[in-house]
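Novice: Would you be able to build a 3D model of this:
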Amino acid sequence: MSHLTDEARAPFRGETDAVPGPGSLEAIVAENPTRRTLLRNGLFGLSVIPAMALAACDDDGSPVVTVPPTPTPTPTPTPTPPPSFAASFAAVAANQDDRVTVPNGYTVDVLLKAGDSVEAGAPYSGSFPASPAVAEKWAGGNHDGMEYFAIPGVDANSRGLLAINFEYPDFHILMNGSYNASTATPDQKALALSAVGIGVVEIAKGSDGKWTVQAGSTYNRRYTGNSSYRAAGPAAGLLSGSIKGMLNNCASGRTPWNTYLTCEETTDNYFDPTQPANNYGWVVEIDPLGQLAQPTKRTAMGRFDHENVAFMSSADRRVAFYMGDDSTPGCIYKFVPDRPWSDTNRAANTDLLDYGTLYVARFNGDGTGEWRALVVGQNGLTAGAQDPGNPSQSTTPPAPVTVDFNNQAEVLINCKSAARVAGGTVMDRPEWITVAPDNKAVFVALTNNSGRRVTDPANPRIRNLHGHILKFSEEGDSPTATKFSWEIFLMAGDPALAAGGDNLVGNIDGDTFSSPDGIRIDPQGRLWVQTDHSVPGNSGVSGTTIDQAFGHNAMFYVDQVSKKSKRFLVGPLGCEITGLAYTPDLTTFFVNIQHPTGNWPVAGEAPRSSTVVVRRTDNQPVGN
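Specialist: Prediction:
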């Protein structure tokens with residue numbers, strides 16, 4: 001979550017929502033060398049030669065048979081060695097430089113800045129847009145989650161589609177002064193809403209190895225806070241027939257049938273509060289290829305402050321979608337559709353996310369866990385239910401609140417309350433979730449909860465300033481399991497902060513960090529972690545800022561066995577590192593730099609959130 005987002009929506013949030021402080025494209029197609037057909041030379045490969053043509057006579061008249069020479073055998077080609085995916089890069093040092101720092105042997109190129117053209121039109125060029133219609137075609141601001149998609153029939157390692165979330169406007173390129181929803185003119189509202197949502201762009205790699213946006217592509221498209229969206233699923237009847245906009249598009253995900261899942265990390269429209277609050281706080285499914293349904297808010301997946309979506313699919317094509325609620329209190333959820341997904345007919349999956357069961361996670365003290373169904377009539381979800389509120393922020397439990405759950409639509413719209421009534425564990429701001437390629441583990445980034453006063457086994461630190469990462473495994477490695485086992489994988493922090501108390505130390509082996517946010521396991525099983533500590537922020541030790549303790553926000557590789565951490569990338573001044581996508585061969589990584597405040601990415605110009613491309617100069621996989 002951008003700290004700008006949190007500040008902007010604070011006046012509109014209820015007491016229990018306040019936050020203290022600030023498959024798949026992944027199949028590797030280049031693993032084996034191309035097989036070559038070898039020609040076999042020799043007598044059996046020759047045409048039949050007449051016997052007389054082979055005969056002559058020696059001095060005594062005896063015939064001599066001339067035998068063709070044995071051909072020199074064609075040497076067997078030396079196989080091309082498979083690429084290495086060992087995370088052997090030399091870690092970069094923590095720093096406070098105003099640039100993107102990567103290891104030696106790597107390059108960084110800016111691909112798409114806030115204000116660049118997505119659809120045809122004039123891009124930002126140093127002055128405010130002439131009208132909201134101009135800005136509506138730009139890349140929005142505060143780039144966040146993203147996914148890379150193949151174009152049918154095209155080599156995805158050199159060309160594809162990038163879908164990018166825009167969480168919050170880069171206001172300084174849109175208008176003078178600050179934005180106030182209560183006094184904003186219609187044009188100002190339209191400008192603000194133009195800069196959120198998502199963008200889809202076709203990108204391609206040139207002969208020099210650099211990637212560029214393909215201007216004029218029929219795939220290039222903006223979906224903004226001014227666009228129209230439909231709702232589907234059990235709660236659709238309680239929403240507007242045509243919804244204006246989506247908002248706070250934070251992290252993201254995808255489906256096995258390759259549609260984009262963008263997540264609304266707010267349950268109101270704080271840019272235009274005249275819009276019904278129930279229209280916001282959903283997962284929105286969008287087909288970047290433009291073949292399936294129009295962009296749809298999938299209400300069966302629940303309404304809360306969605307961070308991202310990660311899926312687990314089994315051999316029989318049953319699938320679960322895991323989601324975190326980035327709020328305090330915030331729970332962890334999964335949605336299991338009623339039927340398998342189709343791998344032969346994309347259109348058959350159009351309404352798959354409208355029918356299924358939503359669950360909330362309960363973490364028990366003995367390392368076991370259970371998924372509790374959020375279904376009306378089950379787990380206390382009835383009329384007159386008692387919502388216990390947020391028990392984590394005070395040693396004195398809050399007074400319960402009566403909530404009526406008369407039907408499934410009310411359960412989904414009041415999902416946060418339903419999760420607490422059903423006994424879901426209140427977590428320390430669950431942000432990104434990622435699933436291991438073999439389905440044997442799910443990781444959750446718990447960013448922080450500096451206001452926590454009551455602990456539990458899954459959230460063991462009061463005043464959890466630096467966050468932790470939790471790991472769980474589904475029973476039988478099945479997406480449809482209702483039980484799991486769990487452990488705390490890693491506690492963030494730094495031993496240098498011990499003067500402030502044990503809560504600040506953590507147990508990271510190697511390069512330390514605070515506030516894990518983005519987290520993703522790539523197809524080779526490598527775990528990447530991106531951070532979002534507050535800027536400027538409190539390290540927990542008087543006189544030491546969080547940047548002084550950890551450097552700028554960064555991206556790390558963490559070994560899942562040794563838990564050794566290596567810093568791979570450091571961002572420029574004032575930014576959050578977020579968003580991670582890659583080509584199938586993993587030679588290109590796409591990373592988002594959100595809300596920089598210095599002199600980046602273009603010296604002498606206003607700072608702008610941007611998507612960057614990270615590559616090795618020798619074209620080997622990133623991380624090698």
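
Novice: And the contacts of stretch 118-137?
Specialist: 112-117, 138-139, 173-176, 187, 190-191, 194-195, 199-201, 213, 215-216, 220-222, 224, 226, 605-606, 608 (Cβ atoms under 8 Å, 6 or more residues apart in numbering). Every residue, glycine included, has its C-beta placed from N, CA and C.

Novice: chain center to it, what's the gap?
Specialist: Relative to its chain's centre, stretch 118-137 lies at 27 Å (Cα atoms, centre = their mean, to the nearest Å).

Novice: in it, what counts as buried?
Specialist: Buried positions in stretch 118-137, judged by neighbour count with 16 or more other Cβ atoms under 10 Å: 118-119, 124, 129, 132, 134-137.

Novice: Only the C-alpha atoms, please, for that stretch, written as CSV.
Specialist: Provided in CSV are the C-alpha atoms of stretch 118-137 (Å, rounded to 0.1, in the frame of the first residue of the first chain):
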residue,chain,number,x,y,z
VAL,A,118,-0.8,4.1,-23.3
GLU,A,119,-3.5,4.9,-25.8
ALA,A,120,-2.8,7.2,-28.7
GLY,A,121,-2.5,10.8,-27.7
ALA,A,122,-0.1,13.5,-26.4
PRO,A,123,2.0,12.3,-23.4
TYR,A,124,3.0,14.4,-20.4
SER,A,125,5.6,16.8,-21.5
GLY,A,126,6.2,19.0,-18.5
SER,A,127,2.8,20.8,-18.3
PHE,A,128,-0.5,19.8,-16.8
PRO,A,129,-3.0,18.0,-19.2
ALA,A,130,-5.3,20.2,-21.1
SER,A,131,-8.3,18.2,-20.1
PRO,A,132,-9.2,15.0,-18.3
ALA,A,133,-9.7,13.3,-21.7
VAL,A,134,-5.9,13.8,-22.4
ALA,A,135,-4.9,12.3,-19.0
GLU,A,136,-7.3,9.4,-19.5
LYS,A,137,-4.9,8.0,-22.2
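
Novice: mean confidence score for it?
Specialist: Averaged over stretch 118-137, pLDDT sits at 97.

Novice: mind listing what the nearest residue to Gly324 once chain neighbours are set aside touches?
Specialist: With Cβ to Cβ, 6 or more residues apart in numbering as the criterion, Gly324 has its nearest non-adjacent residue at 3.2 Å, and that residue is Pro430. Going by Cβ under 8 Å, 6+ apart, Pro430 touches 307, 324-326, 330-332, 444-446.

Novice: Which strand residues bridge Pro430?
Specialist: Applying DSSP bridges to Pro430 gives these bridge partners: Leu446.

Novice: distance of it from Asn439?
Specialist: Distance, Pro430 to Asn439, using Cβ to Cβ, to the nearest Å: 20 Å.

Novice: try Gly233
Specialist: Separation of Gly233 from Asn439 (Cβ to Cβ) stands at 26 Å.

Novice: Comparing the two, which residue is more hemmed in?
Specialist: Just comparing Gly233 and Asn439: by other Cβ atoms under 10 Å the higher neighbour count belongs to Gly233, 23 against 18.

Novice: which residues in the stretch 251-400 of the chain form strands?
Specialist: Assigned by DSSP state E, counting those that start in this stretch, the stretch 251-400 of the chain shows strands spanning 260-264, 283-286, 296-298, 306-313, 319-325, 332-337, 356-363, 368-373, 385-387.

Novice: Reformat those as JSON lines; add mean pLDDT, distance to Gln548 and mean neighbour count.
Specialist: Listed next are those as JSON lines, based on pLDDT from 0 to 100; distance: least, Cβ to Cβ, whole Å; neighbours: other Cβ atoms under 10 Å:
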{"stretch": "strand 260-264", "mean pLDDT": "98", "distance to Gln548": "33", "mean neighbour count": "28"}
{"stretch": "strand 283-286", "mean pLDDT": "98", "distance to Gln548": "38", "mean neighbour count": "26"}
{"stretch": "strand 296-298", "mean pLDDT": "98", "distance to Gln548": "42", "mean neighbour count": "24"}
{"stretch": "strand 306-313", "mean pLDDT": "98", "distance to Gln548": "28", "mean neighbour count": "26"}
{"stretch": "strand 319-325", "mean pLDDT": "98", "distance to Gln548": "29", "mean neighbour count": "27"}
{"stretch": "strand 332-337", "mean pLDDT": "98", "distance to Gln548": "33", "mean neighbour count": "24"}
{"stretch": "strand 356-363", "mean pLDDT": "98", "distance to Gln548": "34", "mean neighbour count": "23"}
{"stretch": "strand 368-373", "mean pLDDT": "98", "distance to Gln548": "38", "mean neighbour count": "19"}
{"stretch": "strand 385-387", "mean pLDDT": "98", "distance to Gln548": "41", "mean neighbour count": "18"}
